[in-house]
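S.K.: have a look at this fold, sequence not included:
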């Protein structure tokens, strides 16, 4: 027993270290790209030179001083400023590594151009302000998608070959298009043509004061984006899970269970659902992961004030600290999801023993 | 060749109507692409889509496609151009060595809806003053301008924007008021119209005029806010989408497949490194990286294609293929090959890879649409190729111009429908191939 725990602990540590390494690599890449390999610093330096020059030359106290003295002052102040911001050191390796370390330790610093709706320039506040909107939208959508697909798939696998089954299989190719694509059509139908649902945004303007009204308004605004996400993925996931259940329900032990005369519900629960749980959980977590990154366009199309849109806005104005902040958030969440996945596997699937096959 | 057919199990095609439908769809897009590339060469497409002065002057702004006419009882107005040189010119010498030049621009208007804009262009060799009048079918004559100075060279008179004229027409916009039926101002009067330009010129000087009556509908695809004919981009979107989807699928899937085979067979360090890279790659956020590169470096379609491939080589598929290869590695025929002395390369490329290639094929076809839509996704975010016309760029233009809000649905629906059809085409093929090559899905 103790041995198992030691092995489990060693494995947990090893995985954690490995995933951290992966996050470091991903983040370092981001830091380099978002700084254009150090190019961004030339912009920053030029801005400092301009600001310092303005300050010195327009200071009434400096009136009458010789030009050489003014230049000396500018030069001196500039060097101070460079040193304060660390711009006196080269980008590779000093500064890029420092940026990386700051990002990893969640010290995002201040945004260059953007600010939160409350007015803060702290990247952390900006991120925290946007995070709940993303979470509420995608958690709802993914949950509906997951449960709906699971139950419809189970239902269809029992009625293999029926008209409904064939219809859903025929609809599976519709998932070739992403959610935002259906979003545009939904906006066209329900907002533009019928004018029954809002075009986008999260709540109506001005935001309702009463919590109940607020919730109702939020729900009304969520109908279209949630439907877009669900429509974009539902048929393919029903198809793949149905196939999956079909394969598992043709196993010998299922036949045996049926032969024993167990009710079809018991067969379903104990002999089909239980062994298929690990892949189902994997799929669910993987969709959650892709959800984190993949729905930037959906947020853009629906003007949803979430992380995805924040990221898009940050890249279009070149706000490096915000970009790095979002990617750090993504990176950690992804790594954490993968990490959790490893252990969930071991719990639901007794055949997989953590640490044995892991090497 | 016969072997290939047998391998593809072509005879089973009849049992899969969805496969046939997919093949037909993709084939149609290939034909459309060829037509696009032949009828509008690359440089021409780029020039047209970039636009600029003189390229789209004679096209209406935000005009609906002509097939709208099929669904309306009214005959919708189309663009009428009376070009330079087509007017009837009469010259009359004056006493002071000058001459009076009269240019008559006749056209017949046979539609039930008003035009959307009206412009006149003049070309003169000398500065002069002109008087322009409008002759309606029922014989009324409306003076548009009197003694207006025309510059040497080209002058444009935007009749629709003439506020004085608007007042004269009881507040009706000129392109409506000039056509309105005096008995029912809500309808245009059909018949022969004339625009007459009169000017006094020197003996050797010339004046020519051109009239454009911009219609409500134009071309098979309609036009956008920059007067560009959407047909250019609707046609060119096909080759761009096909190329991006197929090249990315080949680059990403095939390389993953080959590397998985090589790694698994050789085992040891290479295998471990591949797995590590894959694990790291899984944590890299692909779309955010593409967006970042697009904003900071280049949004050329080739950069994006290269990046997409590079980021997808060590994708999750690597792990799937690896587990398949691991099983295959132990099989008897590989052992036999080893026994007769086959080298690593021979075993990988002659025995391992071909055996699993059929499994790759459905996967390969199924990822094509996701790449086609990836290109569209980038374009919709405004990160499409800067010069190429693509479907995603139309949607982006339409979306930023508020096409849905203004009711210009054709602008979004046409490219979206084409994207959808292309995606569905590949998806149909992929799903059917999946059932053909993985018989287990069939027998249950």
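M.R.: Here it is on my side, so go on. Given the structure is predicted, the values throughout are model-derived calculations rather than measurements. Residues are numbered from 1 along each chain as shown, chains lettered A, B, ... in the order given.
S.K.: show me the shaky parts of chain B.
M.R.: Along chain B, segments meeting pLDDT under 70 span B:1-14, B:438-444.
S.K.: can I see the domain layout of it?
M.R.: B:2-48+B:229-441, B:66-214 (automatic domain parsing).
S.K.: could the ones you listed be laid out in TSV, adding mean neighbour count and distance to residue A:52?
M.R.: No exception for glycine: its C-beta is placed from N, CA and C like everyone else's. Listed next are the domains of chain B as TSV, based on neighbours: other Cβ atoms under 10 Å in any protein chain shown; distance: least, Cβ to Cβ, whole Å:
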stretch	mean neighbour count	distance to residue A:52
domain B:2-48+B:229-441	18	26
domain B:66-214	16	49
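S.K.: and for the spatially closest residue to residue A:109 that is not a sequence neighbour, the neighbour number?
M.R.: The shortest distance from residue A:109 to any non-neighbouring residue, by Cβ to Cβ, 6 or more residues apart in numbering or on different chains, is to residue A:321 (5.2 Å). Look at residue A:321: counted by other Cβ atoms under 10 Å in any protein chain shown, it has 23 neighbours.
S.K.: quick check: residue B:45 touching residue B:389?
M.R.: Yes - with contacts counted by Cβ atoms under 8 Å, residue B:45 reaches residue B:389, the gap being 6.0 Å.
S.K.: quick check: neighbours shared by these two?
M.R.: B:232, B:236 (Cβ atoms under 8 Å, 6 or more residues apart in numbering or on different chains).
S.K.: quick one, what contacts residue A:94?
M.R.: So residue A:94 contacts residue A:86 (Cβ under 8 Å, 6+ apart).
S.K.: can you give me the helices for the stretch 151-300 of chain A?
M.R.: Using DSSP state H, counting those that start in this stretch, the helices of the stretch 151-300 of chain A run over residues A:163-171, A:179-186, A:211-249, A:252-259, A:264-266, A:274-294, A:296-301.
S.K.: lowest average pLDDT across these?
M.R.: Sorting the helices of the stretch 151-300 of chain A by mean pLDDT places helix A:274-294 lowest, at a mean of 71.
S.K.: list the single closest residue to residue B:128 in space, sequence neighbours excluded.
M.R.: Nearest to residue B:128 is residue B:199, by Cβ to Cβ, 6+ apart, at 4.8 Å.
S.K.: ok, so what distance separates that neighbour from chain A?
M.R.: 48 Å (Cβ to the nearest Cβ, to the nearest Å).
S.K.: quickly list what that residue is bridged to.
M.R.: residue B:101, residue B:130 (DSSP bridges).
S.K.: about what we covered before: which of the helices of the stretch 151-300 of chain A is buried the deepest?
M.R.: helix A:296-301 (a mean of 25; mean count of other Cβ atoms under 10 Å in any protein chain shown).
S.K.: which residues does that helix contact?
M.R.: The contact list for helix A:296-301, computed with Cβ under 8 Å, 6+ apart, reads A:134, A:137, A:178-180, A:183-184, A:187, A:200, A:225, A:228-229, A:304-309, A:311-312, B:287-288, B:291, B:377, B:380-381, B:399.
S.K.: 7 Å - rerun?
M.R.: For helix A:296-301, contacts defined as Cβ atoms under 7 Å, 6 or more residues apart in numbering or on different chains pick out A:179-180, A:183-184, A:225, A:228-229, A:306, A:308-309, A:311-312, B:287, B:291, B:377, B:380-381.
S.K.: what element comes up after that helix heading to the C-terminus?
M.R.: helix A:307-317 (DSSP states H and E).
S.K.: on the C-terminal side of that following helix, identify the next helix or strand.
M.R.: That would be, after helix A:307-317 and using DSSP H and E, helix A:320-348.
S.K.: now do that next one: which elements does it pack against?
M.R.: helix A:2-34, helix A:123-158, helix A:274-294, helix A:307-317, helix B:268-283, helix B:286-296 (3 or more Cβ pairs under 7 Å, 6 or more residues apart in numbering or on different chains; DSSP states H and E).
S.K.: leaving out sequence neighbours, find the closest residue to the spatially most central residue of chain B.
M.R.: With the centre of chain B defined as its mean C-alpha position, the nearest residue by Cα atoms, centre = their mean is residue B:233, 2.1 Å away. Residue nearest to residue B:233 in three dimensions, not counting chain neighbours: residue B:389, with 3.5 Å by Cβ to Cβ, 6+ apart.
S.K.: before we move on, the earlier item: dump the helices and strands packed on helix A:320-348 into a markdown table; add distance to residue B:321 as well.
M.R.: Shown next, in a markdown table, are the helices and strands packed on helix A:320-348 (distance: least, Cβ to Cβ, whole Å):
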| stretch | distance to residue B:321 |
| --- | --- |
| helix A:2-34 | 20 |
| helix A:123-158 | 25 |
| helix A:274-294 | 17 |
| helix A:307-317 | 31 |
| helix B:268-283 | 10 |
| helix B:286-296 | 19 |
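S.K.: of these, which is nearest residue B:317?
M.R.: Distance to residue B:317, taken as Cβ to Cβ, is lowest for helix B:268-283 among the helices and strands packed on helix A:320-348, at 9.3 Å.
S.K.: list the contacts of the closest one.
M.R.: Under Cβ under 7 Å, 6+ apart, the answer for helix B:268-283 is A:18, A:22-23, A:25-26, A:331, A:334-335, B:259, B:263-264, B:314-316, B:318-319.
S.K.: one more time with 8 Å, if that's ok
M.R.: Helix B:268-283 has contacts (Cβ under 8 Å, 6+ apart) with A:18-19, A:21-23, A:25-26, A:331, A:334-335, A:338, B:259-260, B:262-264, B:311, B:313-316, B:318-319, B:322.
S.K.: distance between it and the chain's centre?
M.R.: How far helix B:268-283 lies from its chain's middle: 40 Å, per Cα atoms, centre = their mean, to the nearest Å.
S.K.: what angle sits between that helix and helix A:320-348?
M.R.: Interaxial angle, helix B:268-283 versus helix A:320-348 (axes from the mean of the first three to the mean of the last three Cα atoms, to 10 degrees): 120 degrees.
S.K.: around chain A, pick out the residues from the stretch 201-350 of chain B.
M.R.: Residues of the stretch 201-350 of chain B lying near chain A by Cβ under 8 Å from any Cβ of the partner chain: B:276, B:279-280, B:282-289, B:291-297, B:316.
S.K.: ok, now with 10 Å
M.R.: Contacts of the stretch 201-350 of chain B with chain A, taken as Cβ under 10 Å from any Cβ of the partner chain, map to B:272, B:276-277, B:279-289, B:291-297, B:316.
S.K.: gap between the residue nearest to residue B:233 and residue B:226?
M.R.: 12 Å (Cβ to Cβ, to the nearest Å).
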